[in-house]
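> What follows is a predicted structure for the sequence shown.
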Amino acid sequence: MDNTNNNNYIATWFYKECKDEASFYPQIWAKGDSPLLHSIYMMILVPFFVTFRKYNPDVTLQFFTNMKEDELPYYLKEMFAKVKVNVITIPYTRRPPKDWHDAWQNQFYLYDIMAYMGDKMKQDDTLLICDADCLCWKSLSGLFEAARSNGSALYEFITDRNANINGITLPDMEDFYNECFKETVSSPITYYGGEFICLRGDYVRMINDLYPKIWSFNLTRKQSNKPKINEEAQLLSIMVERLGIRNNSANKYVKRMWTSPMFNNICKEDAEFSVWHLPYEKKRGLKFLFNLLKRNGYCIKDEKRFMSVAKTYTGIPNKTLKKRIYDFIMKISNKV
């Protein structure tokens, strides 16, 4: 396949909620209209875009938001210019009804991004939509080629059929699918993480075409008090089954890495992943890297040194004494 004229896009996003629509975000322990939440999500964009640009120099980087340019902090504007990030302002048209679910209600903004990109992408272009609390350490060219060949490259995250996944189980999702499409699933449903979704251009458009049918059906499920789709990854898991593009090819590139004292799933080999997803590090290790990169003019001057520092302050693959002390200091600081 000749990919000379094909584009690879990497996008992340932040939707700023107002008081009337604010839902709860457990990782920050704040509601969506919190100034603390806004400031944290602005800061983590710096290590995200700097590292993704460092190892993917030829991709198109995009930041989607509902914020106006004058609402963005000055350091972000500096970083966007230095790293070459396109800022795209779009509204949130696919937000669920009020009180749909108690948390993460900005997540369906992802499907507004897909609607926008569906009009821009060629058939064999690829789009990676990635959460901002991620760091990139290697080229993602292999990921893009996998998506170009198969239509998608997905991160399979949960296969436990007894797990309650934000209000719904995998068997519940199968019942949803069977009732919506009047046919049984091809194989047991699995849950694909919404933090890392790579799709080919034609399938982005297919998802956009499929969305209205599924969402309309989802509304009827709520009226019937049946398990419904509460967040974007549940919806993705239904859609990729319908489109026949299920796989776990992104699992060799990314891992959701928990470094909390309450739950730690890190092993020695995790440092070798191309992308680290670090939900617990928003207020901790990623904040440290933000300050470091800001001082260094939004560039990585010494790759080996930068990775060593990143390992220390994110706890990948080991939580050192220095990391524990830093986390304690940040805990006190965040409370203040």
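Perfect, thanks for sending it.

> So which bits of the helix or strand hosting residue 324 are buried?
If you go by DSSP states H and E, residue 324 is part of helix 321-335. With burial defined by 16 or more other Cβ atoms under 10 Å, the residues of helix 321-335 counted as buried are 323, 326-327, 330. C-beta coordinates here come from the backbone N, C-alpha and C atoms, glycine included.

> Please apply the same query to stretch 278-295.
For stretch 278-295, by 16+ other Cβ under 10 Å, it's 278-290, 292-294.

> picking that back up, helices or strands up against the helix holding residue 324?
Judged by 3 or more Cβ pairs under 8 Å, 6 or more residues apart in numbering; DSSP states H and E, helix 321-335 is in contact with helix 285-295, helix 303-314.

> Ok, which of the ones you listed comes nearest residue 149?
Proximity to residue 149, assessed across those by Cβ to Cβ, is greatest for helix 303-314 (29.6 Å).

> rewinding a little: in CSV, list the helices and strands packed on helix 321-335 along with distance to residue 260.
Below are the helices and strands packed on helix 321-335 laid out as CSV (distance: least, Cβ to Cβ, whole Å):
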stretch, distance to residue 260
helix 285-295, 12
helix 303-314, 12
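
> who wins for proximity to residue 132 among the ones you listed?
Comparing the helices and strands packed on helix 321-335 by Cβ to Cβ, helix 285-295 comes nearest, at 8.9 Å.

> Kindly export the closest one (C-alpha atoms) in CSV.
Extracted in CSV, the C-alpha atoms of helix 285-295 (Å, rounded to 0.1, in the frame of the first residue of the first chain):
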residue,chain,number,x,y,z
GLY,A,285,4.4,13.1,38.0
LEU,A,286,2.9,14.9,35.0
LYS,A,287,2.9,18.1,36.9
PHE,A,288,6.6,17.7,37.6
LEU,A,289,7.3,17.1,33.9
PHE,A,290,5.1,20.1,33.0
ASN,A,291,7.4,22.4,35.2
LEU,A,292,10.5,20.8,33.8
LEU,A,293,9.5,21.2,30.1
LYS,A,294,8.3,24.7,30.7
ARG,A,295,11.7,25.6,32.1
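
> list the helices and strands it packs on?
In terms of contacts (3+ Cβ pairs under 8 Å, 6+ apart), helix 285-295 is packed against helix 35-55, helix 303-314, helix 321-335.

> Out of those, which gets the lowest mean score?
Lowest mean pLDDT within the helices and strands packed on helix 285-295: helix 321-335, at a mean of 85.

> I would like the residues contacting it, please.
If you take Cβ atoms under 8 Å, 6 or more residues apart in numbering as the criterion, helix 321-335 is touched by 36, 283-285, 287-288, 312-315.

> if you skip the residues just before and after it, what's nearest to residue 13?
Counting by Cβ to Cβ, 6 or more residues apart in numbering, residue 64 is the residue found nearest to residue 13 once chain neighbours are left out, at 3.9 Å.

> can I assume the one you found is in contact with residue 88?
Yes - using Cβ atoms under 8 Å, residue 64 is in contact with residue 88, at 5.1 Å.

> who has more neighbours, the two?
Neighbour totals were compared for residue 64 and residue 88, and residue 64 leads with 21 against 15 (other Cβ atoms under 10 Å).

> Wait, a helix at the more buried one?
No - assessed with DSSP: H, G, I helix; E, B strand; the rest coil, residue 64 is strand; it does not lie in a helix.

> and it, what does it touch?
Residue 64 neighbours (Cβ under 8 Å, 6+ apart): 11-14, 88-90, 109, 112-113, 116.

> repeat for residue 158
165, 170, 190-191.

> Phi first, then psi, for it.
phi -130, psi 130 (degrees, to the nearest 10).

> quick one: residue 122 and residue 204, what's the gap?
11 Å (Cβ to Cβ, to the nearest Å).

> Which one's more surrounded, the two?
Between residue 122 and residue 204, counting by other Cβ under 10 Å, residue 204 is the more crowded of the two (27 against 12).

> ok, the more buried one touching residue 118?
Yes - the pair residue 204 and residue 118 qualifies as a contact (Cβ under 8 Å) at a distance of 4.9 Å.

> could you pull out the helices for this protein?
35-55, 74-83, 109-118, 141-150, 170-181, 201-223, 232-243, 285-295, 303-314, 321-335 (DSSP state H).

> Just want the angle from the fifth one to helix 232-243.
Meaning helix 170-181. Counting by axes from the mean of the first three to the mean of the last three Cα atoms, to 10 degrees, helix 170-181 lies at 50 degrees to helix 232-243.

> and helix 170-181, which residues are buried?
Buried residues in helix 170-181, counted by 16+ other Cβ under 10 Å: 170, 172-177, 180.

> Need these in JSON lines (columns: pLDDT and distance to residue 209).
Listed next are the buried residues of helix 170-181 as JSON lines, based on pLDDT from 0 to 100; distance: Cβ to Cβ, whole Å:
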{"residue": "170", "pLDDT": "98", "distance to residue 209": "25"}
{"residue": "172", "pLDDT": "97", "distance to residue 209": "25"}
{"residue": "173", "pLDDT": "98", "distance to residue 209": "21"}
{"residue": "174", "pLDDT": "98", "distance to residue 209": "22"}
{"residue": "175", "pLDDT": "97", "distance to residue 209": "23"}
{"residue": "176", "pLDDT": "97", "distance to residue 209": "19"}
{"residue": "177", "pLDDT": "98", "distance to residue 209": "17"}
{"residue": "180", "pLDDT": "97", "distance to residue 209": "15"}
